[in-house]
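Q: Starting from these lines, generate the structure:
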Amino acid sequence: MLIADRDAGGRRRYGDTHLDRLLSIQLLTRAGFSLAEVAEVLDKQEGRPLADAYTEQLKLLELSELRLRHQRVVLGAIVDALHVDPAMRIPASLIAATMSLDDTMLHYPKLDTGVDAGEFTPEQIERIVAFYLGWKAVAVRALIYAENGVDPASASGKRLGQDWTTAIRDALDAQAEHEHAAMESMHDQRDYWPAADRELHDTTKTYLHRCEQALGYQE
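A: Model prediction:
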C-alpha cells in the first residue's frame with residue numbers, strides 16, 4: 001500500500017504523498033479496518049483532491065465509531081440483565097440485535113424522514129442517534145427479561161419501564177418540531193425497517209408496555 005521511491009543509491013525516499021497515505025493507513029487501521037479494506041479505500045481515492053479524500057475517510061471513521069457505540073450499548077444491556085440475575089439465559093434471538101449498524105434504520109436507503117437533512121444540526125442528529133441506541137439498550141434488556149420470565153411488575157421490570165419512560169421523555173422534551181416529524185416518519189415506515197430491528201421491536205413492545213403499566217401501581 002505504501003511504495004517508496006528510491007534515490008540513486010537505492011535508498012527509500014518518502015515524499016508528501018507517501019506521508020499522506022501513511023497517515024490514512026494509520027488512522028483507518030487503528031479504527032479497526034483491515035489492511036485489505038484500507039487498500040480498497042485508498043485505491044478509490046487515488047487522484048482525488050486531498051480534502052475530498054480526508055473528508056471521505058472522516059465519514060468512514062464516524063461510521064466505525066457508531067458501530068462501536070452500537071456494540072457497546074448491546075453488550076452493556078446484556079451485562080445489566082446479568083447483574084439482575086447471573087443465571088439468566090441469553091436468547092439466541094439476541095444475535096439479531098448485534099447486527100452491524102450499517103444494516104439498521106440509521107442507514108437504511110428506503111427510509112425517508114420527510115425532512116431535509118440540511119435542517120438538522122449535528123446536535124439534533126446526535127439526539128436521534130442517541131434515542132435509537134437508547135431504544136436498542138432497553139429492547140435488549142426487555143428481550144432477555146421476557147425470555148427468562150421476569151415479571152414486568154417486579155422491581156427489575158419496573159426499573160426497565162422507568163428507564164424506557166425516561167428515555168422517551170428526555171428525547172421528546174429536547175426535540176425541535178422537525179425532529180419530531182422525522183421520528184414519527186421513521187416509525188410510520190416500519191415496513192421498511194431492517195427485519196432484525198422490526199423483529200426486536202415487535203417482540204419486546206408488549207413487554208415494555210407492561211413494564212410501563214406496572215409503574216402506575218407504585219405507591
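
Q: quick one, domains of the protein?
A: According to the domain assignment given by automatic domain parsing, the chain is divided into the following structural domains: 1-47, 66-215.

Q: Where among those domains is average confidence lowest?
A: Set side by side, those differ in mean pLDDT, and domain 1-47 is lowest with a mean of 72.

Q: Could I get the buried residue list for stretch 154-164?
A: For stretch 154-164, the buried set under the neighbour-count rule, 16 or more other C-beta atoms under 10 Å, comprises 156-158, 160-161, 163-164. Using the backbone N, CA and C atoms, a C-beta is placed for each residue, glycine as well.

Q: quick one: contacts for the residue lying closest to R210 once chain neighbours are set aside?
A: Excluding the flanking residues, the one nearest R210 by C-beta to C-beta, 6 or more residues apart in numbering is P152, at 3.9 Å. Contacts for P152 were tallied using C-beta atoms under 8 Å, 6 or more residues apart in numbering; they are 145, 158, 160-161, 207, 210-211, 213-214.

Q: Can you pick out the most distant pair from those residues?
A: Longest distance between any two of the contacts of P152 is 14.7 Å, between Y145 and Q213; criterion C-beta to C-beta.

Q: Between the two, which has more neighbouring residues?
A: For Y145 and Q213, the more surrounded residue by other C-beta atoms under 10 Å is Y145, and the numbers stand at 24 against 14.

Q: how close does the residue nearest the centre of the chain get to S64?
A: Within the chain, one residue has its C-alpha closest to the average C-alpha position: by C-alpha atoms, centre = their mean, that is H70, at 3.8 Å. Note on H70: its distance to S64, by C-beta to C-beta, to the nearest Å, is 11 Å.

Q: sorry, back to before: tell me the phi and psi of the residue nearest to R210?
A: phi -60, psi -30 (degrees, to the nearest 10).

Q: Strands along the chain, start to end?
A: Per DSSP state E, the chain has strands spanning 5-6, 12-13. These are given in chain order.

Q: For A36, the count of nearby residues, please.
A: Residues near A36, counting by other C-beta under 10 Å: 9.
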